[in-house]
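# Got a predicted structure here, sequence first:
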Amino acid sequence: TYSDEAFDELCFEFGVELDEITSEREEALKSSTVKLSKDQINALSSSVIYKIDVPANRYDLLCIEGLSRSLKIFLGDMEAPVYTKTTPDKMETMTVQQETTATVRPFVVCAILRDVTFTPERYASFIDLQDQLHRNLCRQRTLVAIGTHDMDAVKGPFHYDARKPDDIEFVPLKSSDDTAGQAFTGRTLLEHYETHPDCKHLKPYVPIIKDSPLYPVVLDNENTVLSLPPIINGDKSKITLDTKNVFIECTATDLTKANIVLDTVVTMFSEYCSQPFQIEPVQVNYVDASGSTTNSYVTPELPTRRVQAGVDFINSMIGIQESADRMVELCNKIQLGPASLEQGPDGKQMLEVSVPPTRSDILHPVDIAEDVGIAYGYNNIVKRVPHTNTVGGEQPLNKLGDLLRDEIGRAGYTEVLTHGLCSIRDNFTALRKQVTAAVSLSNPANVEYEVVRTTLLPGLLKTLQHNKSASFTSGFKIFEISDVVLPDDRHAITGTVVGARNERRLCAIYAGPTSGFETIHGLVDRVLTLTEVAPEEEYVSNSTKGDEEKF
């Protein structure tokens, strides 16, 4: 048992933040939007609730199971579990109709948890983890949607197909009292969720598939629709506290993220199986219109990867001088064990760690260095004076730009900041310039973002276009100091020819009831004076001022 202060310190050492200590009753009293009566507030629990901020890429910390398990391993109270796949006598299969599902959500991955024991707290955590993943990694179900089913209420093999909305007959989970147990077609169900006041929590997901000619469906062996991803699961296979065997399917537009989501769910809740941390796999078969298998794989993957990072690199990143053998021990605290020492190509020692399926955030040696730093302890890093003694300052080009901005602003011009990308028409054709080479995007989001600008003028002209309602009586003066990008086959950065270079430019526009040539010319003279750029002799000799002085 920890005091609040001790738990706060533990969270800091582990690399997360205890954001707030509260309770349901305290939250209700502080809320400005939810108004409850005195009796309702008194009925709420006063049990302490910890609100903990976790890194966005630590999906294994999104539920109490993952967080408590990680803290126990960090403290040395338990060994990191080994996640294994069972070998059933007959593996369940999911058959995917590739031709139809490819038009809406082409991928699916599956797994089974056998002999699970749910309690009200475990069940609530199981639902909450799915909600957290849907908001986070799944991008509001646009990338991945999780479906969970009572395995004892359905029969395999399972099928994943996409059908016309009016051809789907489906009894969804209860979402409103007046429609409990009612069957819908795919089209009428989505219309119901869009309009019914009790279905506001499902309304945001309707646009994901509403305009699709085909809706994805997961079916059992009896051709009963088990779920309509990414909207809702079916009533037939709903999970209850009495559920013992759980069938999990994740439909997706991104197969990599689908595998991460599935691995996260099964690794978190397989601890409640009669054989902890054992997961039953499912074979997924993709078939074409003729019924021939075109692709096949077994999920969940549960990959254990080996990743290397240099011992000297880790020490330099953290600012410590720890031995390689000690680093091997530290890896066990952060679920990166068993680790070993290897010899690198350059003869330096390399720390090779085992990355479990729960740690999809480990992508680079920097990630290993960060976790070793956490295991070492931030408070144990000795503060020392840096070996170098330098004073920071602005780059000369940026300093010149800031000085010019200040002076041009005093001259009555308003600074604007426009997009660095524009269309070919705006950059060339609209300015009556010949289309020449420019850095272009291979897959632009729309026609407005085809090339990187080679001039600042289009942005300022579009600013004028969008400010027609402003008063031009006394003139409209705007300017921008920013970069343009020009193709350059010789420009190199750190020895690499990048094919382009940045060039800082100044552009100003005057628009008003008069030509305003003297206004913009005055700005040019002022800028040249400030930057101490003298006019060329030819310019001076062509000036009428010289003739006036003769008289």
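That came through fine.
# so where do the helices sit in the stretch 201-350 of the chain?
Secondary structure of the stretch 201-350 of the chain by DSSP state H, counting those that start in this stretch: the helices cover 255-269, 311-318, 324-331.
# was I right about Asp4 contacting Ile21?
Yes - using C-beta atoms under 8 Å, Asp4 is in contact with Ile21, at 5.6 Å. C-betas here are computed from N, CA, C, even on glycine.
# The helix or strand His149 falls within - what's its average pLDDT?
Using DSSP states H and E, His149 sits within strand 144-150. In this model, strand 144-150 has an average pLDDT of 96.
# got the angle for it vs helix 255-269?
40 degrees (axes from the mean of the first three to the mean of the last three C-alpha atoms, to 10 degrees).
# What is strand 144-150 packed up against?
helix 120-135, strand 225-228, strand 232-233, strand 246-252, helix 255-269 (3 or more C-beta pairs under 8 Å, 6 or more residues apart in numbering; DSSP states H and E).
# can you put these in TSV and add mean pLDDT?
Shown next, in TSV, are the helices and strands packed on strand 144-150 (pLDDT from 0 to 100):
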stretch	mean pLDDT
helix 120-135	95
strand 225-228	94
strand 232-233	93
strand 246-252	96
helix 255-269	96
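# highest average neighbour count across these?
Neighbour counts (mean count of other C-beta atoms under 10 Å) averaged over each of the helices and strands packed on strand 144-150 peak at strand 246-252, with a mean of 27.
# Can I get that strand as CSV, trimmed to CA atoms?
Output in CSV follows, covering the C-alpha atoms of strand 246-252 (Å, rounded to 0.1, in the frame of the first residue of the first chain):
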residue,chain,number,x,y,z
VAL,A,246,-14.0,-14.5,-25.9
PHE,A,247,-13.7,-14.2,-29.7
ILE,A,248,-11.9,-11.0,-30.7
GLU,A,249,-11.9,-9.6,-34.3
CYS,A,250,-10.4,-6.3,-35.5
THR,A,251,-11.4,-5.1,-38.9
ALA,A,252,-9.1,-2.4,-40.3
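# all strands for the stretch 301-450 of the chain, in order.
Under the criterion DSSP state E, counting those that start in this stretch, strands of the stretch 301-450 of the chain are mapped to 305-310, 340-343, 349-355, 414-415, 421-422.
# The last one - which strands sit beside it in the sheet, and in what orientation?
Right, the one you point to is strand 421-422. strand 451-452 (antiparallel) (DSSP bridges).
# how near is Tyr539 to Val527?
As judged by C-beta to C-beta, to the nearest Å, Tyr539 and Val527 stand 15 Å apart.
# Tell me which of the two has more neighbours.
Shown here are Tyr539 and Val527; by other C-beta atoms under 10 Å, Val527 has more neighbours (17 against 9).
# that older thread, adding distance to Gln465, write the helices and strands packed on strand 144-150 out as CSV.
Below are those laid out as CSV (distance: least, C-beta to C-beta, whole Å):
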stretch, distance to Gln465
helix 120-135, 39
strand 225-228, 45
strand 232-233, 46
strand 246-252, 42
helix 255-269, 41
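# right, so of these, which gets closest to Gly186?
strand 225-228 (6.5 Å; C-beta to C-beta).
# by contact count, what packs against the closest one?
strand 144-150, strand 169-170, strand 215-219.
# pLDDT of stretch 338-351, averaged?
On average, stretch 338-351 scores 91.
# Just the terminal-to-terminal distance for it.
By C-alpha to C-alpha, to the nearest Å, the extent of stretch 338-351 from end to end equals 11 Å.
# in it, what's buried?
By neighbour count with 16 or more other C-beta atoms under 10 Å, stretch 338-351 contains the buried residues 339, 350-351.
# so how far is that stretch from its chain's centroid?
32 Å (C-alpha atoms, centre = their mean, to the nearest Å).
# Can you show me the helices along the stretch 51-200 of the chain?
Using DSSP H, counting those that start in this stretch, helices in the stretch 51-200 of the chain cover 64-75, 98-101, 120-135, 186-195.
# Go ahead and flag the most central residue of the chain.
Nearest to the mean C-alpha position of the chain, counting by C-alpha atoms, centre = their mean, stands Leu137 at 6.5 Å.
# how close does it get to Asn233?
Counting by C-beta to C-beta - Leu137 and Asn233 are separated by 19 Å.
# mind checking which helix or strand of the chain has the lowest mean pLDDT?
helix 544-550 (a mean of 54; mean pLDDT, DSSP states H and E).
# So what's the residue count around the nearest residue to Val246 once chain neighbours are set aside?
Distances taken as C-beta to C-beta, 6 or more residues apart in numbering put Leu113 closest to Val246, at 4.4 Å, once the chain neighbours are dropped. A count of neighbours around Leu113, defined by other C-beta under 10 Å, yields 23.
# Tell me, how many residues neighbour the residue lying closest to Arg305 once chain neighbours are set aside?
In space, and not counting its chain neighbours, Arg305 is closest to Val355: 4.3 Å by C-beta to C-beta, 6+ apart. Per other C-beta under 10 Å, the neighbour tally for Val355 reads 19.
# And Val355, how close does it get to Pro338?
According to C-beta to C-beta, Val355 and Pro338 sit 12 Å apart.
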